[in-house]
Each structure stands twice: as C-alpha cells, then as structure tokens.
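Trainee: Predicted model and sequence follow; I will ask about them next.
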Amino acid sequence: MTSFTTNIQSAAELLRTGHLVAFPTETVYGLGADATNPIAVARIFEAKQRPTFDPLIVHVADISQVDRVVREFPETARLLAEVFWPGPLTLVLPKRDCIPDLVTAGLPGVGIRIPRHPVALELLKIAGCPVAAPSANPFGGISPTTAQHVADGLGGKVDCIVDGGPCEVGLESTVLSLMTERPLLLRHGGCPVEDIKRLIGAVEIATSDATQDDAAQPAPGMLSRHYAPGTRLIVIPHNQTAEPIAGLRCGLLTAGKCRFSGRFARIDTLCDDENLQTCAANFFAAMRTLDSSDLDVIIAHEFPAHGLGVALNDRLRRAAH
Ligand code: TXA
Ligand code: MG
C-alpha cells in the first residue's frame, strides 16, 4: 500500500528522479511525473490504464517556467494568465521539443496550468521540473478529491501520495485551446466560461461528435463516458420532482433545494442553499459514497446551468449510463 506523506521535500525528490507522486491541487488530486522524462510519463499511463491518445496537462510553479514548456505565449494567453493563474484554467499552446509526444498524445499543443494549491505550488517549485499530471484515478473513473480517494483507486501503483486535505474547487480545470484562430473551449471546469468570455470575448465551444469514436474527439476529456461511477446513473431536470423507481434501491444526488417524493435508500445533498461552489467541492466525494452504497441506481438532479453548474452538468452527463 502506498503511504501518505506531508513531506514535500522528499516528494519533490521522487519527482525529480522519475517516480510517480500523487499530489493535491485546488481542483482534484493529480498523478504527477516529470513531464520531460518520457519513461516517468509512460508510468502514468500504465498506472491509470489510460489510453495514449489522451494527453496530459503540464503543471508549473510560476510564469517563468511556462516559457520552458511552450514556444509561444500570445497576448490572449497573457491576459488569461494574469487573471486566472494560479487557478483552474488549462491553456493549450504550442509545445517545445523538451515535452515528449507522449505527454500531448502526438498533438502540437500542450495543456499547461499553474495550480493554486499551496502544497502543489511548493512541490512544483522544489522539484524544479514541469510536472505532467492527470487526475489521480483509474482511467474513466471518478476523480479524487482527497488523498484517501487516490489510495482507494491507485494505492500500490504510485510511489507516494502527498496529503493536502480535501480539494477546494472539486472539479477539474477548464481546458481552453489557443491553437486555433478563435479560442476553443475543450472542457468545462472550475473556471466558468462566462468569466473567460468577459475577459477575452467570443469563445467557441467544442462539441463531441457521437458519430466519431473516442480517439477522434476534439479533446479526449470529451469521451462520452467518463468520470463515471459503477452504479447506473440517471439525470433528471433541475425542477423535476425526483421519485424512486419501484422495486429498485435508489439513491438521490441533489444540489439542495430539489424536490423529491417517496423513499430513497440514500440521499446526498451537496449544499443546503444550492451554492454551486460548495456543490462542486462535494460532488465527486458524494458520487463515491453513493457508488459504494449498494444501490441499483443513482438519480441525480441537474444543476442550474450557469457558473460551475455548467461543468457539473457536463460531468453528470458523462457519468450517466
Ligand atoms: O484540474 C485538472 O485539470 C486536473 C489537475 C490534476 O490539474 N487534471 C486533469 O487531467 O483533470 P486529466 O488528464 O484528467 O484531463 C486532461 C484533459 C484531457 O483528457 C484532454 O481533454 C485535455 O485535458 N488536454 C490535455 N492536454 C491537451 C492537449 N494538448 N490538447 C487538447 N486537450 C488536452
Ligand atoms: Mg481525469
């Protein structure tokens, strides 16, 4: 079993020497490796059982390190970085040669961000190398928002787990590509798209193409089934009264104010007053609890479609099956 640590110095040393280190960010826990070391990066794919067509996000400690990873940093990127970094926004920009193709799945652009969690920042600073890190869960599963979640999914496959407590945002970063003429939103996430548009104007939203297979989607985070519990999940509109399905053990995932009737085996309320930030922070942990509650089905209410509600609804849609 992998042990937890709060010793950032030794975790940084492990990263520098090609090992896998799970660490907290403000969004979710990441499974990190030196982004310039292809063998270390390959171990990420192996540990997660992740297909190699799914590129990894590179994390750096400060803006001076960005230059070592990307070839160009246009004015739009500068504006966004000034306002949203450190924070839950990943920008896709032309990569330098020191970033192996495995990191970007052969694409010319690399996803990069400066996370906001103090432990992540210190770890990246001491390690001194850019760190490639997907969410620290087995591929396709529920993202981890505590060190224990990481151990539950990947224990034994990582060299160390840095425990930094529960993640503040609770949803993965928003991914925005600046490789195209118009900024292209590849994944909704912790940085609401309304805030981005307010700063830089029009943003195109990539839509997944159901007629294409997963490897051909514009961004692999757009896989139709992702972030998914093992239990069947059904999504219902925000204002619909939730009712259990006769003869089945049903769980309910709700933002707070939702209406329901009948008896549910378990109800998880994300926030009493429907604050979307609190909903996001509690979302993945609630999904895990429901998933391990021996239910036949989870019924989930959609969130109001603004702010973080957009990213939450995106995760619900991909978790539904
Ligand atoms: O908040 C986060 O983004 C977390 C923390 C650890 O930083 N990381 C994370 O990584 O969610 P991951 O691997 O679970 O999701 C990364 C997604 C990919 O599936 C893909 O959709 C997009 O980000 N992505 C990464 N690099 C890309 C690239 N070069 N081009 C296009 N999309 C990219
Ligand atoms: Mg992930």
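Mentor: It's in. Numbering: from 1, shown residues only. Ligands and ions are numbered 1, 2, ... in the order given.
Trainee: Which strand or helix spans Gln9?
Mentor: In this assignment (DSSP states H and E), Gln9 forms part of helix 8-16.
Trainee: dump the residue contacts of Gly262.
Mentor: 243-244 (Cβ atoms under 8 Å, 6 or more residues apart in numbering). (Glycine included, C-beta is placed from N, CA and C.)
Trainee: ok, and Ile299, which helix or strand is that part of?
Mentor: Using DSSP H and E, Ile299 sits within strand 297-301.
Trainee: if we can go back for a sec, residues in contact with the helix holding Gln9?
Mentor: Under Cβ under 8 Å, 6+ apart, the answer for helix 8-16 is 5, 20-21, 23, 32-34, 119, 122-123, 126-129, 131, 159-160, 162.
Trainee: for the stretch 201-321 of the chain, what spans make up the helices?
Mentor: All helices of the stretch 201-321 of the chain, identified by DSSP state H, counting those that start in this stretch, fall at 276-291, 308-319.
Trainee: May I see these arranged in a markdown table, with distance to ligand 1 as well?
Mentor: Converted to a markdown table, these look like this (distance: least, Cβ to the nearest ligand atom, whole Å):
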| stretch | distance to ligand 1 |
| --- | --- |
| helix 276-291 | 11 |
| helix 308-319 | 11 |
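Trainee: returning to that earlier point: quick one: the strand holding Ile299 to helix 308-319, angle?
Mentor: 160 degrees (axes from the mean of the first three to the mean of the last three Cα atoms, to 10 degrees).
Trainee: In its sheet, which strands sit next to strand 297-301, and in what direction?
Mentor: Using DSSP bridges, the strands paired with strand 297-301 are strand 232-236 (parallel), strand 250-254 (parallel).
Trainee: Dump the first one to CSV, restricted to CA.
Mentor: Output in CSV follows, covering the C-alpha atoms of strand 232-236 (Å, rounded to 0.1, in the frame of the first residue of the first chain):
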residue,chain,number,x,y,z
ARG,A,232,-26.2,3.2,-13.1
LEU,A,233,-26.9,6.9,-13.0
ILE,A,234,-29.9,8.7,-14.3
VAL,A,235,-30.0,12.5,-14.7
ILE,A,236,-33.3,14.4,-14.3
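Trainee: Would you mark the buried spots in it?
Mentor: Neighbour counts over strand 232-236 (16 or more other Cβ atoms under 10 Å) mark 233, 236 as buried.
Trainee: ok, and what's touching it?
Mentor: 242, 296-302, 313, 316-317, 319-321.
Trainee: Give me the buried positions along the helix holding Gln9.
Mentor: Neighbour-count burial for helix 8-16, counted by 16+ other Cβ under 10 Å, picks out 8, 11-12, 14-16.
Trainee: what do you get for stretch 185-205?
Mentor: 185-193, 196, 200.
Trainee: does any part of it sit near ligand 1?
Mentor: Yes - remark: stretch 185-205 sits within contact range of ligand 1 at 186-187, by Cβ under 6 Å from any ligand atom.
Trainee: what's the straight distance from one end of that stretch to the other?
Mentor: 5 Å (Cα to Cα, to the nearest Å).
Trainee: Just the mean pLDDT for that stretch, thanks.
Mentor: For stretch 185-205, the mean pLDDT works out to 97.
Trainee: where does Val175 land in three-state SS?
Mentor: The three-state assignment at Val175 reads strand, by DSSP: H, G, I helix; E, B strand; the rest coil.
Trainee: So what pairs up with it in the strands?
Mentor: Thr90, Arg187.
Trainee: Compute the distance between it and Gln277, please.
Mentor: Distance, Val175 to Gln277, by Cβ to Cβ, to the nearest Å: 20 Å.
Trainee: between these two, who's got more neighbours?
Mentor: Shown here are Val175 and Gln277; by other Cβ atoms under 10 Å, Val175 has more neighbours (24 against 15).
Trainee: ok, now which ones touch the residue nearest in space to the middle of the chain?
Mentor: By Cα atoms, centre = their mean, the mean C-alpha position of the chain lies nearest to Glu172, the distance being 2.7 Å. Each residue near Glu172 by Cβ under 8 Å, 6+ apart is listed here: 27-28, 88, 135, 143, 187, 189-190, 221.
Trainee: Nearest to Asp54 among those residues?
Mentor: Closest approach to Asp54 among those (Cβ to Cβ): Gly221, at 7.8 Å.
Trainee: give me the low-pLDDT residue ranges for the stretch 151-300 of the chain?
Mentor: Where the stretch 151-300 of the chain drops to pLDDT under 70, the residues are 208-225.
Trainee: what does stretch 179-188 contact?
Mentor: Contacts of stretch 179-188 with the rest of the structure, by Cβ under 8 Å, 6+ apart, involve 76, 90, 92-94, 108-109, 172-177, 193, 196, 200, 202-206, 218-219, 221-222, 310-311, 314.
Trainee: residues in the stretch 1-150 of the chain within reach of ligand 1, list them.
Mentor: With Cβ under 6 Å from any ligand atom as the criterion, the stretch 1-150 of the chain meets ligand 1 at residues 25, 27-28, 30, 54-57, 88, 90, 92, 104, 107, 109-111, 133-135.
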